[in-house]
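Undergrad: Next comes the sequence, and after it the predicted model I'd like to discuss.
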Amino acid sequence: MNKKIINRYIKRVYASIGKWMGVLLLPLLLFSSCVDESVTSASTTSSDSTQVRLTFNLQQQTSLTRSLSSTGTSESQVDNINVLIFDSNGKLIGSTYQTYGTSQTSSFTVTVPTRVASSCTIYAVANLPSDSLKNVATVSDFNKKFILMSSAATLGNGSNMTMFGQTSSVTISSTASSNTPSITLTRLGSKVTFNITPATGITITGYQLCHVPMSSYITSATDSTHFNPSATYGNLDAVSNLSSTTIISPTFYTYENLVGRKSGATSYFSRNASNAPTDATYLLIYAQQRDSCWHAIYRIYLGGSGTNDYANYNIYRNYNCTYNIHIDGADAVDVRVTYSVPKIGDYYYSDGNWSDGTVAPISGKTVIGVVFQNNASRMSTTEINKGWTHGYVVAITEVSSSGIWGNNLTDAGLSKITSDQLRYQDLSGYSNTQALGDNTNYPVFYYAKRYGTSYTSSLTYAAPTVTNNSGWYMPSAGQWWDLLQNLGGINLSSYTTNTADNVSISGGGTTIINNLNTIMNKFSGTTFTTNSVYSVASEYSAPYCCDVYFNTSGDLSFGQNYKNLTGRKIRCILAF
């Protein structure tokens, strides 16, 4: 899932969201075996019986810190999996329930006894008790199943989050090799973080998230009525007696709340109690001027799906939302939510959030990088499959250690990038760094993988541990290409189909360095310099690697050189 930012306004109160850290992809492989044709949960033998072998590939994801729970674990771990197979008539023809002593965080397989059938539907549910689906015999039975919370805080206080996925129109044949359906698991709940920043002279005294759904169907919602089956709502406990003059960042978990749209809201400031649906979810923020001249209650309605989509109050499942709220005045006006993708040049913070790069960074946050790519089509398949779909961030400092690409002029086993066209297409920085980053025979990879640690830099620049990102790695040729073009300010489009093997632009180095350093100087970052060779995570041949060279004349050379050239600088990136 893409992470998006929500920008909101209270008077001049503005905010910023993100969609959940991704999905879990579960390719399924089917193998023949013997099970009774009348099976409802498994069994015996028949001429048309078989087995479904599901291979679950879970994206690697750092555990999230839950502000409401000391017992919660991770939204990307599986303690158990329940799989049900229904035939074309909606009847259960196979199922299994598998538990794990250690939570699954990587690929694992589950075999489901079933029978040969066509137009089947397969449902998978992770992290539910063993008896939760024991009475399910049909698709209709399953679709009625839901989770009911005992309190509004239950979802945030739980352990691994329940996940659901399905695939339809599956043909289960006796030929195992021909059966390869796949399922995407998504979380039933969403995480919501509010970064609330008061202006000078204003004190935050409390907050409370109100009117959250108390239940959720397991199946994905398809319309405005297919959610919150209990039709009950609850409030999180109010937080009071605060006296904060700096940013606070409470985090909550909630189920989807598809209350729909209400046409009365036509601007930021008309998104208020009069124009909101009855069951819309909202955050109350209590604030006062420090000399107690006034007290205010801000009511912030959640939901929305577009920049001008003022009337939308829907909250969707499987989102990771961050609302950056700045309170600048005493007017208690409601605010709207707008969704936008990160922009090139936006600041990327140590907590995994980002903000507009055309204004000052958010007070109290630490900038560790700058967005230089926001196009998912310019990201590797590996990264997309792991849920890193927003783009790329370049670090504001260099790795403290420089070095050689490889100690030996031998084949490193990477794809060979031997033309400008291949340079543009090569987005393999993450996978190449993973492949070589623990081998000291490839020093620049080794150093790059450890950027953000005390080994090669300050811990200040560590990749965020509470959001979905790749961690720092060395950029490949294609990722350097986007950095040079999008932040460096040169046009490389004429080279994208070039079969030659060296981009050389007179004066290009000066342009790039000036533009990049204008950005880096905002944060006292490490500046780019002339007469410098920068490491590229791409291999040209056995003795050569790709690199980026800014010469003393101000020219750019994007070519190749011997792997054992010393002094290569390292500027890391991450995908998020």
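TA: On my side now, so go ahead.
Undergrad: Could you verify that Tyr430 is part of a helix?
TA: Yes: under DSSP: H, G, I helix; E, B strand; the rest coil, Tyr430 falls within a helix.
Undergrad: And for it, the neighbour number?
TA: 28 (other Cβ atoms under 10 Å). All C-beta spots, glycine's among them, are computed from the backbone N, C-alpha and C.
Undergrad: separation between it and Gly189?
TA: According to Cβ to Cβ, to the nearest Å, Tyr430 stands 28 Å off from Gly189.
Undergrad: what do you get for Tyr473?
TA: Counting by Cβ to Cβ, the gap from Tyr473 to Gly189 is 30 Å.
Undergrad: Likewise for Thr527?
TA: In terms of Cβ to Cβ, Thr527 sits 44 Å off from Gly189.
Undergrad: Which one of those two is surrounded by more residues?
TA: Gly189 (24 against 15).
Undergrad: which residues sit in contact with the more buried one?
TA: Leu155, Met161, Thr162, Ser216, Tyr253, Thr254, Tyr255, Arg317, Asn318 (Cβ atoms under 8 Å, 6 or more residues apart in numbering).
Undergrad: what residue ranges in the stretch 51-200 of the chain are flagged as low confidence?
TA: Residue ranges of the stretch 51-200 of the chain with pLDDT under 70: 53-75, 106-107, 177, 180.
Undergrad: Swap in 80 and give it another go.
TA: 51-76, 104-109, 158-159, 175-182, 184 (pLDDT under 80).
Undergrad: which residues of it fall in strands?
TA: Remark: strands assigned in the stretch 51-200 of the chain by DSSP state E, counting those that start in this stretch are 78-86, 92-104, 108-115, 117-126, 146-148, 163-172, 182-187, 189-198.
Undergrad: any chance of those strands in TSV, plus distance to Leu209?
TA: Listed next are those as TSV, based on distance: least, Cβ to Cβ, whole Å:
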stretch	distance to Leu209
strand 78-86	27
strand 92-104	28
strand 108-115	35
strand 117-126	26
strand 146-148	19
strand 163-172	23
strand 182-187	18
strand 189-198	8
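Undergrad: So which of the ones you listed is nearest Leu133?
TA: Judged by Cβ to Cβ, the one of the strands of the stretch 51-200 of the chain that comes nearest to Leu133 is strand 78-86, at 5.6 Å.
Undergrad: Point out the other helices and strands that the closest one packs with.
TA: strand 49-56, strand 92-104, strand 108-115, strand 117-126, helix 139-143 (3 or more Cβ pairs under 8 Å, 6 or more residues apart in numbering; DSSP states H and E).
Undergrad: Now that we have the ones you listed, can you turn them into CSV and tack on mean neighbour count and distance to Asn353?
TA: What follows is the helices and strands packed on strand 78-86, written out as CSV (neighbours: other Cβ atoms under 10 Å; distance: least, Cβ to Cβ, whole Å):
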stretch, mean neighbour count, distance to Asn353
strand 49-56, 22, 30
strand 92-104, 17, 27
strand 108-115, 21, 32
strand 117-126, 21, 27
helix 139-143, 17, 36
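Undergrad: Which of those sits closest to Val367?
TA: strand 92-104 (33.6 Å).
Undergrad: now the angle from the closest one to strand 78-86?
TA: Following axes from the mean of the first three to the mean of the last three Cα atoms, to 10 degrees, one obtains 170 degrees for the angle between strand 92-104 and strand 78-86.
Undergrad: Distance from the chain centre to strand 92-104, please.
TA: Remark: strand 92-104 is offset 26 Å from the chain centroid, using Cα atoms, centre = their mean, to the nearest Å.
Undergrad: Show residues contacting stretch 349-359.
TA: In contact with stretch 349-359 (Cβ under 8 Å, 6+ apart) are residues 5, 16, 18, 193, 195, 249, 322, 324, 342-343, 345-348, 361-362, 365-368, 370-371, 460-462, 464, 466-469, 576.
Undergrad: quick check: mean pLDDT across it?
TA: Across stretch 349-359, pLDDT averages out at 86.
Undergrad: now the end-to-end length of it.
TA: Stretch 349-359 stretches 14 Å from its first residue to its last (Cα to Cα, to the nearest Å).
Undergrad: just how off-centre is that stretch within its chain?
TA: Worked out by Cα atoms, centre = their mean, stretch 349-359 lies 15 Å from the chain centre.
Undergrad: repeat for stretch 534-545
TA: Counting by Cα atoms, centre = their mean, stretch 534-545 comes out at 30 Å from the chain centroid.
Undergrad: what about the longest helix in this protein?
TA: With secondary structure taken from DSSP state H, the chain has its longest helix at helix 508-520.
Undergrad: Okay, buried residues for that one please.
TA: By neighbour count with 16 or more other Cβ atoms under 10 Å, helix 508-520 contains the buried residues Gly508, Gly509, Thr510, Thr511, Ile512, Ile513, Asn515, Leu516, Ile519, Met520.
Undergrad: So what touches it?
TA: 345, 370, 396, 484, 487-490, 525-530, 549-551, 553-557.
Undergrad: And the buried ones among those residues, selectable in PyMOL?
TA: Burial among those is assessed by 16+ other Cβ under 10 Å; the matching PyMOL selection reads:
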select buried, resi 370+396+484+487+488+490+525+526+528+549+550+554+555+556+557
